[in-house]
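> Sequence first, then the predicted structure:
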Protein chains: 2
Amino acid sequence: MKRPLILITNDDGIEARGIHSLVDAVRPLGDIVVVAPDGPRSAQSSAITVNTHLRFWKHLEKDGLQMYRCNGTPCDCVKLALYTILDRQPDLILAGINHGTNSAINVLYSGTMGAVFEGCTEGIPAIGFSLDSHDPRADFSEAVRYAVRITEKVLKEGLPKDICLNVNIPLGEQLKGMRVCRQCYGRWNERFVCRQDPGGNNYYWLTGEFINLEPDAVDTDQYAMDHGYVAIVPCQVDFTHYPTVQQLSHWNEEIK
Amino acid sequence: MKRPLILITNDDGIEARGIHSLVDAVRPLGDIVVVAPDGPRSAQSSAITVNTHLRFWKHLEKDGLQMYRCNGTPCDCVKLALYTILDRQPDLILAGINHGTNSAINVLYSGTMGAVFEGCTEGIPAIGFSLDSHDPRADFSEAVRYAVRITEKVLKEGLPKDICLNVNIPLGEQLKGMRVCRQCYGRWNERFVCRQDPGGNNYYWLTGEFINLEPDAVDTDQYAMDHGYVAIVPCQVDFTHYPTVQQLSHWNEEIK
């Protein structure tokens, strides 16, 4: 039987520890091709490069593992891989392991999940993995263990059509298990730090804190993580709010 | 009664004809503050700037209209406006009028809709307007007419909680009306144009064509536009596919 082809990318860049942890862990499961940004592309969402050109370079090839680096976004990496680099369609796309959580509304900004959504629109099963720590020395061992188990499961059972997975993993030595759940309702309360350059001109750094707007709801990704579980949210890329289509249909007659 | 405060942004940049058409048209409806990118930021999705700093500049102030330009993404513009530039929360956020359609899966990549989703996560009614033409001389008159009618409607009636609007307007002198509809199911078939720089190194331009995967469905934004109607899709930012949460719940016991 042909080994599955697994495309791996991330948004922290090809040098990040998270992607190397993931690559090392899933190598026994298939043929691996990595196409990842040449540096950090955090919070790039589903951004694609249309106003300039893209480049990519062979980064490393050894023992059957091929790695390419690209000057674009995570989403660009997936498009370049599918339409230029790979000679056949991958059976699975993995993104991560991200340094930092992509639970709740972070899914909207995440470049990791941008790559996953791109795979999803192409009809390819895709999974994003994120660890709830920005510490570069963080312990990835439990994250890796769950990433392997979930990858094995998806390779064996597939995913429902047009569904991808957002997997967020708390930091900890012994997690309690995993929970399939829904995206938590919340938002960021932002604060811009204002500084002055040597010329006296203001510049701004984005900072902020996440506000969980439903801390007591037990079926959310945020709740699962806060209680020591790996959170898996099955995601789709249809933004339509169906009940409102019906609710606003009287506008069809009222606005001419 | 206090005039409503309307924040306007786009992803084509502060010099684009679309945003000036929109500003001119809705000025009678409220106090207008524009915070827009200093140049084109098409296809920036919900990207935010976290690896470098942001700046903004007063661009123009006349007759009560204030315009600022910013070196960030459309989403950055909204965050900067809400947390730094404006002294009160806007009653409405408008984005556009975009040069080019953001119907169907284009909503995922759109910087225009990235700004709209940002407003939505902040609990502010938000509307993205896009015209189905990249011709800089395109006739914006029907687009403007509908943008004003829809803006008036939302100012008067509000929008359901956590719902924003993706409005796409076909090119044409006399449109047939509007349709509240759902996001069309489709994808891009990409093609990268490969060229060589003077040093002999390859570089790539993203091109492609949209594939409508349900051309006969009459309730989609793409169908409405193809038949001469303005398409309005009520959108939300919860990516969860709820039926699949249930369907995969057996994983909770199977993956430890």
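Good, I have the coordinates.
> A:Val233 in helix, strand or coil?
Classification of A:Val233 using DSSP: H, G, I helix; E, B strand; the rest coil returns strand.
> That one - how many residues pack around it?
30 (other C-beta atoms under 10 Å in any protein chain shown). Where you see a C-beta, it was placed from the backbone N, CA and C, and this is true even at glycine.
> now swap in the one 5 residues further on and tell me
Taking other C-beta under 10 Å as the neighbour definition, A:Asp238 ends up with a count of 19.
> While we're on it, how confident is the model there?
A:Asp238 carries a pLDDT value of 98.
> which residues does it contact?
The contact partners of A:Asp238, by C-beta atoms under 8 Å, 6 or more residues apart in numbering or on different chains, come to B:Arg182, B:Gln183, B:Tyr185.
> Most neighbours of all the residues you listed, which one?
Neighbour max across the contacts of A:Asp238 (other C-beta under 10 Å) = B:Gln183, 24 neighbours.
> hang on, the earlier thing: just the contacts of A:Asp238 now: which is nearest A:Thr220?
B:Gln183 (24.3 Å; C-beta to C-beta).
> what are the phi and psi angles of that closest one?
Dihedral pair for B:Gln183: phi -70, psi 130, per degrees, to the nearest 10.
> Report the separation between it and B:Gly128.
13 Å (C-beta to C-beta, to the nearest Å).
> rewinding a little: of the contacts of A:Asp238, list those near chain A.
With C-beta under 8 Å from any C-beta of the partner chain as the criterion, those include B:Arg182, B:Gln183, B:Tyr185 near chain A.
> For those, give me CSV that also has pLDDT and distance to A:Arg27.
Listed next are the ones next to chain A among the contacts of A:Asp238 as CSV, based on pLDDT from 0 to 100; distance: C-beta to C-beta, whole Å:
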residue, pLDDT, distance to A:Arg27
B:Arg182, 98, 41
B:Gln183, 98, 38
B:Tyr185, 97, 35
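> ok, the helix or strand that A:Gln222 is a member of near chain B or not?
A:Gln222 belongs to helix A:221-226 when assigned by DSSP states H and E. No. On the criterion C-beta under 8 Å from any C-beta, helix A:221-226 is out of touch with chain B, staying 8.9 Å away.
> starting at the chain centroid, how far to that helix?
Distance of helix A:221-226 from the chain centroid (C-alpha atoms, centre = their mean, to the nearest Å) equals 17 Å.
> again, but for stretch A:109-118
5 Å.
> Helices of the stretch 101-250 of chain A, start to end?
A:106-109, A:111-121, A:141-157, A:221-226, A:242-247 (DSSP state H, counting those that start in this stretch).
> Could you give the average pLDDT over the second one?
Averaged across helix A:111-121, the pLDDT comes to 98.
> by contact count, what packs against that helix?
When contacts are defined as 3 or more C-beta pairs under 8 Å, 6 or more residues apart in numbering or on different chains; DSSP states H and E, helix A:111-121 packs onto helix A:74-80, strand A:92-99, strand A:126-131, strand A:164-169, strand A:229-235.
> Nearest to chain B, out of those?
Chain B sits nearest to strand A:229-235 of all those, at 3.7 Å, using C-beta to the nearest C-beta.
> For A:Cys70, which non-adjacent residue is closest in space?
In space, and not counting its chain neighbours, A:Cys70 is closest to A:Phe56: 4.2 Å by C-beta to C-beta, 6 or more residues apart in numbering or on different chains.
> Also A:Tyr223?
Per C-beta to C-beta, 6+ apart, closest to A:Tyr223 is A:Ala217, 6.2 Å.
> Could you do A:Leu82 as well?
Closest to A:Leu82 by C-beta to C-beta, 6+ apart is A:Glu122, at 6.2 Å.
> Count the neighbours of that neighbour for me.
19.
> How about the one 5 residues further on?
The local packing count at A:Ile127 equals 22, with neighbours defined by other C-beta under 10 Å.
> got it, and A:Asp197?
10.
> Check the gap between it and B:Cys77 for me.
21 Å.
> that older thread, my understanding was that the residue nearest to A:Cys70 contacts A:Tyr68; is that so?
Yes. Counting by C-beta atoms under 8 Å, A:Tyr68 is a contact partner of A:Phe56 at 5.1 Å.
> Common neighbours of these two, please.
By the contact definition C-beta under 8 Å, 6+ apart, A:Phe56 and A:Tyr68 are jointly contacted by A:Val35, A:Ile85.
> could the helices and strands packed on helix A:111-121 go into JSON lines alongside mean pLDDT and distance to chain B?
Putting the helices and strands packed on helix A:111-121 into JSON lines (pLDDT from 0 to 100; distance: least, C-beta to the nearest C-beta, whole Å) gives the following:
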{"stretch": "helix A:74-80", "mean pLDDT": "98", "distance to chain B": "5"}
{"stretch": "strand A:92-99", "mean pLDDT": "97", "distance to chain B": "12"}
{"stretch": "strand A:126-131", "mean pLDDT": "98", "distance to chain B": "11"}
{"stretch": "strand A:164-169", "mean pLDDT": "98", "distance to chain B": "7"}
{"stretch": "strand A:229-235", "mean pLDDT": "98", "distance to chain B": "4"}
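> And the pLDDT at the residue nearest to A:Cys70?
Looking at A:Phe56, the pLDDT reads 98.
> now do A:Met1
At A:Met1, pLDDT is 64.
> can you check A:Gln174 too?
pLDDT, A:Gln174: 87.
> count of residues packed around it?
6.
> List the contacts of A:Leu86.
A:Leu86 neighbours (C-beta under 8 Å, 6+ apart): A:Leu5, A:Leu7, A:Val33.
> just A:Tyr68 next, same as before
Neighbours of A:Tyr68 in contact, by C-beta under 8 Å, 6+ apart: A:Val33, A:Val34, A:Val35, A:Ala36, A:Phe56, A:Trp57, A:Lys58, A:His59, A:Ala81, A:Ile85.
> ok, the third one touching A:Ile6?
No. In this structure, A:Val35 is not within contact of A:Ile6 by C-beta under 8 Å, at 11.6 Å.
> before we move on, back to that, pipe the contacts of A:Tyr68 into a markdown table and attach secondary structure, distance to B:Ile232 and neighbour count per row.
Shown next, in a markdown table, are the contacts of A:Tyr68 (DSSP: H, G, I helix; E, B strand; the rest coil; distance: C-beta to C-beta, whole Å; neighbours: other C-beta atoms under 10 Å in any protein chain shown):
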| residue | secondary structure | distance to B:Ile232 | neighbour count |
| --- | --- | --- | --- |
| A:Val33 | strand | 41 | 20 |
| A:Val34 | strand | 41 | 24 |
| A:Val35 | strand | 37 | 30 |
| A:Ala36 | strand | 38 | 28 |
| A:Phe56 | strand | 39 | 23 |
| A:Trp57 | strand | 44 | 13 |
| A:Lys58 | strand | 47 | 10 |
| A:His59 | strand | 45 | 16 |
| A:Ala81 | helix | 35 | 25 |
| A:Ile85 | helix | 39 | 17 |
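> A:Thr112 contacts A:Thr101, correct?
No. Counting by C-beta under 8 Å, A:Thr112 does not reach A:Thr101; the two are 10.3 Å apart.
> May I have the beta-bridge partners of A:Trp205?
Counting by DSSP bridges, A:Trp205 forms beta bridges with A:Val193.
> so what's it scoring on pLDDT?
97.
> Tell me how many other residues surround it.
Neighbours around A:Trp205, by other C-beta under 10 Å: 14.
> Would you agree it is in contact with B:Ile48?
No. With contact defined as C-beta under 8 Å, A:Trp205 and B:Ile48 do not form a contacting pair (11.7 Å).
> and the residue nearest to A:Tyr223, what is it in contact with?
By C-beta under 8 Å, 6+ apart, the neighbours of A:Ala217 are A:Cys184, A:Tyr185, A:Tyr223.
> quick one, phi/psi of it?
According to degrees, to the nearest 10, A:Ala217 has phi -70, psi 130.
> And it, how far from A:Lys79?
Taken as C-beta to C-beta, the span from A:Ala217 to A:Lys79 is 36 Å.
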